[in-house]
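Participant: With the input below, show me the fold.
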Amino acid sequence: QLQLVESGGGLVQPGGSLRLSCAASGFTLDFYAIAWFRQAPGKEREGVLCISNSGGSTNYADSVKGRFTISRDNAKNTVYLQMNSLKPEDTAVYYCAASIKLCSRWYGVYDYWGQGTQVTVSS
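Facilitator: Model (predicted):
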């Protein structure tokens, strides 16, 4: 069964950090671009960051620049989203997605999706 599984979400205070993981099973991530999307209540799903199969990253959300980074460990078949200096407006369900094509902010190009992990930033 081909799937992506996110983990690492939770409740954190403003200014805190979290690292989300996206682990693949049933296929190797080596040839895929992997993106993180997020969806807050009442809002559309938005692209956050994407990392290509060669390791280059693309930022789709100006609000996370300088605070979030994306990385991949192909040996562990896992992609990470490091989130620092978290703000209440970062509260959302975070999803990872895999595309055999290039990175894109359009969620329609992604072939596989995880089930999402909740991130809540609150004091």
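Participant: Who are the contact partners of the residue at minimal distance from the centre of the chain?
Facilitator: Nearest to the geometric centre of the chain sits residue 36, at 2.5 Å (CA atoms, centre = their mean). Contact partners of residue 36, counting by CB atoms under 8 Å, 6 or more residues apart in numbering, are 20, 22, 47-50, 70, 79, 81, 94-97. In this view, the C-beta of every residue, glycine as well, is placed from N, C-alpha and C.
Participant: Who does it form a beta bridge with?
Facilitator: Beta-bridge pairing for residue 36 (DSSP bridges): residue 49, residue 96.
Participant: gap between it and residue 123?
Facilitator: 24 Å (CB to CB, to the nearest Å).
Participant: Please apply the same query to residue 110.
Facilitator: 34 Å.
Participant: more crowded one of these two?
Facilitator: Just comparing residue 110 and residue 123: by other CB atoms under 10 Å the higher neighbour count belongs to residue 110, 24 against 8.
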